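got a structure for you, letters missing:
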C-alpha cells in the first residue's frame, strides 16, 4: 500500500496477478466464448496487464476457475476453438415467489411512471433475465411486458424525436400495402388500449394520426427544417360526459370547458375526425355529442347502423 500511495501505480507487488487474470478471463467468458488469441489481445490492451500469456499459462487460469466450480469447455476447431463457460457457482437464482413479486412490481409501476422510465425498467428486467437465465422468469417477462413486438431502442428514438417535435420519415409495415415510407411531424409516443403508438401530423394527408410502433421498422431520415402545419384544417367537437372527473384523463387535444350537474363538457380539436369519433364512441352511453351538428349526425348514423347490425343478427 505504501508503494501505491507513493507511486500511484499498480504493480505485480500489489496484487496476485494469477488471481486477477483468472477473474479477467472469467469476466470475458461470461460475455461470450473467447479464443486464445482474443483473450491475449484483451490482456495486451488491458491498462494493468499489458502483456500476452502462453497457452500453458492460460490453462493455469482456467484450472483455477474450474477448481472453484466453473464448468468450462472448448468448442471444436470448426467453431473457432473458443473457451466457453457452461455454468458457474456465482449464478443468480430466483424463486417462484420472487418471480411473482417482480411481476406485481412491474404491473404496478407500469401504470404510474413515465414512458421513458418504463423503458428503463423493461431494459433492467431484461438484463436480469439474461443474467439469471431462468426460463420461468423469461416467460413471465414476455407475458407481462407492455412492449410486445416493440424495439426498445426504436421506441427511445421516437420519444426523443417527439420531444423535439421533429419531422421524420420512417419505414412502416402497413397491413394493407406492406412497406411504405411515411413522413410526419411528430407529437408524442403514448399507449392507447395497451398498445404503443407514435402520434403526429401526416404530411401526405395533412391530418393528425397515429401509428403502432410495433409496425415501424426504422427511422429513415430527420428533416432539418419542419413543414408549417399551423394552417391545417381542424374540427372542434363538443361532447357531454356523464362520468366522475377523476375517472377520465384528457388527451392533449382536449380541454374541460364546464362541469354542470355532474356532467362534463369537453371540447376536442383535431385535424382527424376519425380520432374524435373513436374517442366519443369509446365512452358508450355515458357520452353525448353536442356540436357541431354535422359531426353529431354522423355519430347518430353510426349508432343506428350498429343497432341495425345487432337487430339483423
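That came in fine, so what should we check first? The model shown is predicted, which means the values in this text are computed figures rather than measured ones.

Now do the same contact list for residue 225.
residue 167 (C-beta atoms under 8 Å, 6 or more residues apart in numbering). C-beta coordinates here come from the backbone N, C-alpha and C atoms, glycine included.

Where does it sit, in terms of helix or strand?
Of the helices and strands defined by DSSP states H and E, none includes residue 225.

any idea how far the residue nearest to residue 220 when sequence neighbours are not counted is from residue 218?
In this structure, residue 220 finds its nearest non-sequential neighbour in residue 169, 4.6 Å apart by C-beta to C-beta, 6 or more residues apart in numbering. Residue 169 sits 10 Å away from residue 218, going by C-beta to C-beta, to the nearest Å.

tally of neighbours for the closest residue to residue 259 other than its chain neighbours?
Excluding the flanking residues, the one nearest residue 259 by C-beta to C-beta, 6+ apart is residue 245, at 6.8 Å. As a burial measure, residue 245 scores 11 neighbours (other C-beta atoms under 10 Å).

in terms of contact, does residue 245 touch residue 262 like I think?
No: between residue 245 and residue 262 there is no contact under C-beta atoms under 8 Å: 9.3 Å.

roughly how far is the helix or strand hosting residue 102 from the heart of the chain?
Following DSSP H and E, one finds residue 102 within helix 96-110. Relative to its parent chain, helix 96-110 has a centroid offset of 18 Å by C-alpha atoms, centre = their mean, to the nearest Å.

which is the next helix or strand following it?
Following helix 96-110 toward the C-terminus (DSSP H and E): helix 115-132.

mean confidence for that following helix?
For helix 115-132, mean pLDDT is 90.

name the helices or strands packed onto it?
helix 96-110, helix 135-144, helix 152-164, strand 178-192 (3 or more C-beta pairs under 8 Å, 6 or more residues apart in numbering; DSSP states H and E).

what's in contact with the third one?
What that stands for is helix 152-164. Taking C-beta under 8 Å, 6+ apart as the rule, helix 152-164 contacts 115-116, 119, 122-123, 147, 168, 186-189, 196, 198-200, 213, 216, 218-219, 222.

Buried residues in stretch 157-171, which are they?
Neighbour counts over stretch 157-171 (16 or more other C-beta atoms under 10 Å) mark 157, 158, 159, 161, 162, 166, 167, 168, 170 as buried.

rewinding a little: pairing partners for the residue nearest to residue 220 in the sheet, please.
Beta bridges link residue 169 to residue 183, residue 221, judged by DSSP bridges.

Isn't it up against residue 182?
Yes: assessed by C-beta under 8 Å, residue 169 is found in contact with residue 182 at 6.9 Å.

and after the worst-scoring helix or strand of the chain on mean pLDDT, which helix or strand comes next?
For the chain, using mean pLDDT, DSSP states H and E, the weakest element among its helices and strands is helix 2-7, scoring a mean of 55. As assigned by DSSP H and E, the chain's next helix or strand after helix 2-7 is helix 17-31.

other SSEs contacting that next one?
Partner elements for helix 17-31 (3+ C-beta pairs under 8 Å, 6+ apart): helix 36-45, helix 55-67, strand 83-87.

Taking helix 36-45 as reference, get the angle to the longest one.
Between helix 55-67 and helix 36-45, the angle formed by their directions is 90 degrees, by axes from the mean of the first three to the mean of the last three C-alpha atoms, to 10 degrees.

same deal with the last one?
In this structure, strand 83-87 runs at an angle of 100 degrees to helix 36-45, with the same axes, to 10 degrees as the basis.
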